[in-house]
Each structure stands twice: as C-alpha cells, then as structure tokens.
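Student: have a look at this prediction, sequence included:
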Amino acid sequence: MNAIVLSAIWGVVMMFCGAFVQNKSIIRTTAITGMVLLLIVHLLDFNGVHFFTIDTKNMLQFNSFSYLFTAIAIGSTLLYFLLSAKDMENVGIELAEYFALIFFITCGIALVSSFNSLLILFLGIEIISIPLYILTGSDKRNLKSNEASLKYFLMGSFSTGIMLMGMTLIYGMSGTFYVDRIAEALSFQLPAYALVGLVLLIVSLSFKVSAAPFHFWTPDVYDGAPSVFTSYMATIVKAASFIAFYRLLRIGFADTHYQWQLIIAIITALTLLIGNITAVFQLSVKRMMSYSSIAQAGFMMLAIVSMNGFGKEGLIFYAAAYSLATIGIFAVLIKMKDYTFEGFNGLAKKEPFIAAVTAIFTLSLAGIPATAGFMAKFYMLMSLVYQGGYTWLIIIAILGAVVSVYYYLRLIQAMYFKEGNAEMTPVSTGFKVTLGVLAALIILLGIKPQLLLNYLHF
C-alpha cells in the first residue's frame, strides 16, 4: 500500500514542479529522489512497516509475490531514471509532466501486481495505459510519434472494451468481481458464458503484453515513440502486464486450466515464432528490439501455460533479467547517432566499456550461460517440463532461443568485428557507472539467482 499511495502523491508533486519550477536539473533530482523514497518505503512495507493502512475490502491482496515484483519494477524504474532522465529533455519541454506520468504508471503497476478484484485490475490497467498513450505521442514535432500514439490509443481502447465485456460475462456467471471468489463460484467447470468471458480477457491481456496474433501494434508504436519512452514501455510496463495476466489465471481460473491452457499454449507458440522470425530481418536495432520484445513475451507466456512453482519463480526472475538488459541496451541506443546495425560498427574501438556492457546486455537477452537471461529461460523451460504434455512447445521455445542468438549477435558483430565509425553523443562517468551496475547485476543474478528468488518465500 505504501507504493500505491506514495507514487500517486509524488506524481502530483511532479505536476506542481512542472508549474512552478523551470530548472530542469531540479526537476530531474526531484523525480529521482521520489523514486528512491518510493523504493525505500516499499521495502519497509515488504518488511512489515506500513505507513498507510487502508481497508480495501479485500480488493487488494499483498503477498511476497506482489511485493517482490513491485520492488523490481520500482528498482528498475530508478535505474531507468538514472540512465535516461536527462534524455527526456530532448523529447519536449514538459519534462516534469513526463516524470509525473511515469509515477502514475508506477501506481498502476502496484495495483495490478496485488489486485483481487476485476475492478482493480481494470483500474490498474487503465492507469498504466492512459499515460502511455500520452508518452508515445510526446514528441509532437515527429509525425511518426503522433501516428504511433493515435494507433496505440485506438487499439488500446478497443482492447479495453473487450476486457470489460469479458469481465461482464464472468460477473454474470459468478456473481462477484473478487477473483478468489470467482474460483469458488465456478468450481472445476467453466460454463459456456464464463469461458467466453475468460477468452475475451485472454485476448485483451494478450494485446497488453503484445502476444501474437495481437502484437501488430507493437513494432509501429515502439518505433514511433521517443526511444527514451520505448525503453520503459518495452520493459517494466510489459512485465507488469504479465504479472496481471498470471495473477488473474493463477488465482481465479487455475482449477479450470484444462479448458484454457491449450489456447494460451497456441498463443505462446505463435508469439515465439513470429517474434523471432521477424526480428531476423530488421535493419534497425530499435525495430529489432521491438520484435525481439514480442519473442521475449513468448518466453514469459510459458509461465502462464505451466502455472507451477517453476513458472512463478521464472516469471519474477524473467521480469528482472529482461528489464535490466533491455533498459541498458536502450540507454546506449538513445546515445547513438544512427539506430541501424551499421551505426554500431566499430563501437568497441571508440568506446570499449560501452561496447562491453552492451555485449553483456545482448548476451543476456539471447540467454547465454552466466547471465541472468540464461537462468530466466531455464526456469521457464523447466516449468513446462514439470507441467508435462507440451514437448512440442518446449521444442518451439528452444528453436526460438537459437534463432534469437543470430540477431542478437549481429549487434556484437557490428561492435567488435566490423570496421566503421560509430558515433554517439558524449556520456558522463555517472552514466557509465550505472551501466556497469546493470551489467554486474545481470552477471550476479546469472550466477546466484536465489539472491532474488529467496524473497518469494520471505
């Protein structure tokens, strides 16, 4: 509850900063300070120190799973601020408002990670989505940004309508919005109307996580949005949508998994195939990362197919590993003058440290051993092995991972093995230190995953 309340309050603080503070350095410092305080009060909440005690009538349920993911989301956002806060100034003049919107999104993330009511799920998703529509179109001078914002808004609104229709059907059959009571009311067999309602919810949430075949908005929106916001959308926000997806099915519909599990498995297979194959043919690193985010979504979907302990641990770990690596790559990408693969040619000679940490981020996304990405993929695959009956999906996932190595290694090849004159804007020592911290965390979690997963059983 600490995170929900304080993030909303600090969002309002940032709005007042926008009205009364002109110094951009003060605005950035205020935002970073707010995120540090938010992380501290949330960790205190995790350890039993509750500053805000509100009776939510059981519409919110806090446990180690929700606390841990919210901590990962806030910590990742803090690192994102440290790396990219200054780059937000290049988007437009409303710097404080950008930070305010991200704090409001953080409030929505805290809601969807702990909801026990379909109403809270809806509110959380919308609190996340509406600021994203604005951030996507924040570069008003760029036609692609405006187009991406409109496309995202229209398709997101349509997706919300589908979600509400699904909730209506489920409420009509169960008589309650409480997810745990839905499980009791519907028992081990979903009536036809409830099954249709669940399918509509699956379709809507698949859109939010950009799972195929509901992914068509993703490349255009991610490519059109300012790169500094694409970094945030493709990582922390996507991970939050997966947590909501998992929580809904785990609490409300686990007993009827045999009725919907195959649907999720087919969506997962399509996502892995489409994401990986299309990423191979991209010439822009930014667009490649957009398609690879679809492929990464396919791996995260494996936890929803399996619905077991390995999947639960894997989803949390994947959220952390994927967010850290992708935030790092985008932080470097934003500094580059050319977003194509050729734009990275020879970067290792000009900026050896930047190239080295970028290689670590890339290897983690590819799932190479000794990185957090490898352990994340391992947990996901093991969840399917323990589930049983989905050997075909395991094979597709492994083949997808193999294909991903090709397009991720193209970036390393460009930096280390091709001649060129890669150009990037000057970077500060603090920027390099933060990138180094990200890379160290990825290696540390790859070697000692229990440093994070132990908190699931806190």
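Tutor: Great, that's in hand. Worth saying up front: this structure is predicted, and the values here are computed from it rather than measured.

Student: now residue 36: how far from residue 137?
Tutor: 29 Å (Cβ to Cβ, to the nearest Å). Any C-beta I mention is one placed from the backbone N, CA and C, and that applies to glycine too.

Student: comparing those two, which residue is more hemmed in?
Tutor: Counted by other Cβ atoms under 10 Å, residue 36 and residue 137 do not tie: residue 137 has more neighbours, with 23 against 14.

Student: leaving out chain neighbours, which residue sits closest to that one?
Tutor: In space, and not counting its chain neighbours, residue 137 is closest to residue 149: 2.7 Å by Cβ to Cβ, 6 or more residues apart in numbering.

Student: what do you get for residue 294?
Tutor: In space, residue 294 is closest to residue 275, 3.4 Å off (Cβ to Cβ, 6+ apart).

Student: name the residues of the helix or strand encompassing that neighbour that are buried.
Tutor: Assigned by DSSP states H and E, residue 275 belongs to helix 257-280. For helix 257-280, a neighbour-count test (16 or more other Cβ atoms under 10 Å) marks 257, 259-261, 263-265, 267-276, 278-279 as buried.

Student: what about residue 181, how many residues close to it?
Tutor: Count around residue 181 with other Cβ under 10 Å applied: 16.

Student: can you check residue 158 too?
Tutor: 12.

Student: and the helix or strand hosting it, average pLDDT?
Tutor: Residue 158 belongs to helix 143-174 when assigned by DSSP H and E. Taken as a whole, helix 143-174 has a mean pLDDT of 91.

Student: packing partners of it?
Tutor: Applying 3 or more Cβ pairs under 8 Å, 6 or more residues apart in numbering; DSSP states H and E, one finds that helix 143-174 makes contact with helix 118-136, helix 179-186, helix 192-208, helix 217-224.

Student: what residues of stretch 319-339 count as buried?
Tutor: Buried, per 16+ other Cβ under 10 Å, within stretch 319-339: 319-336, 338-339.

Student: which of those fall in helices?
Tutor: 319-335 (DSSP state H).

Student: what number of residues lie near the closest residue in space to residue 194 that isn't next to it in sequence?
Tutor: Leaving aside its sequence neighbours, residue 194 sits nearest to residue 173 (Cβ to Cβ, 6+ apart; 4.0 Å). Neighbourhood size, residue 173 [other Cβ under 10 Å]: 20.

Student: any idea how far residue 173 is from residue 266?
Tutor: Residue 173 is 24 Å from residue 266, by Cβ to Cβ.

Student: and if you look at residue 133?
Tutor: 29 Å.

Student: residue 357 too?
Tutor: 37 Å.

Student: same thing with residue 168?
Tutor: Applying Cβ to Cβ to residue 168 and residue 266 gives a distance of 25 Å.

Student: again, but for residue 90
Tutor: 42 Å.

Student: same check, this time on residue 43
Tutor: 40 Å.

Student: now do residue 221
Tutor: 24 Å.

Student: ok, now residue 379?
Tutor: Distance from residue 379 to residue 266, by Cβ to Cβ: 22 Å.

Student: which non-adjacent residue is nearest residue 46?
Tutor: residue 67 (4.5 Å).

Student: no wait, residue 379
Tutor: Counting by Cβ to Cβ, 6+ apart, the residue nearest residue 379 is residue 314, at 3.1 Å.

Student: host element of the one you found?
Tutor: helix 309-335.

Student: OK, contacts around residue 26?
Tutor: Counting by Cβ atoms under 8 Å, 6 or more residues apart in numbering, residue 26 touches residue 17.

Student: that one and residue 277, how far apart?
Tutor: Residue 26 is 47 Å from residue 277, by Cβ to Cβ.

Student: so who does residue 407 touch?
Tutor: By Cβ under 8 Å, 6+ apart, the neighbours of residue 407 are 276, 279-280, 282, 288, 292.

Student: ok, so what distance separates it from residue 277?
Tutor: On the measure of Cβ to Cβ, residue 407 and residue 277 end up 10 Å apart.

Student: ok, residue 78 next?
Tutor: 35 Å.

Student: and for residue 364?
Tutor: For residue 364 relative to residue 277 (Cβ to Cβ), the value is 21 Å.

Student: what do you get for residue 445?
Tutor: 29 Å.

Student: do residue 15 as well
Tutor: Counting by Cβ to Cβ - residue 15 and residue 277 are separated by 43 Å.

Student: how about residues contacting stretch 132-151?
Tutor: By Cβ under 8 Å, 6+ apart, stretch 132-151 touches 91-92, 94, 98, 101-102, 105, 152-153, 156, 217, 220-221, 223-226, 229, 232-233, 237.

Student: pLDDT below threshold where in this structure?
Tutor: Within the chain, the ranges that satisfy pLDDT under 70 run 458.

Student: burial count for residue 350?
Tutor: 14.
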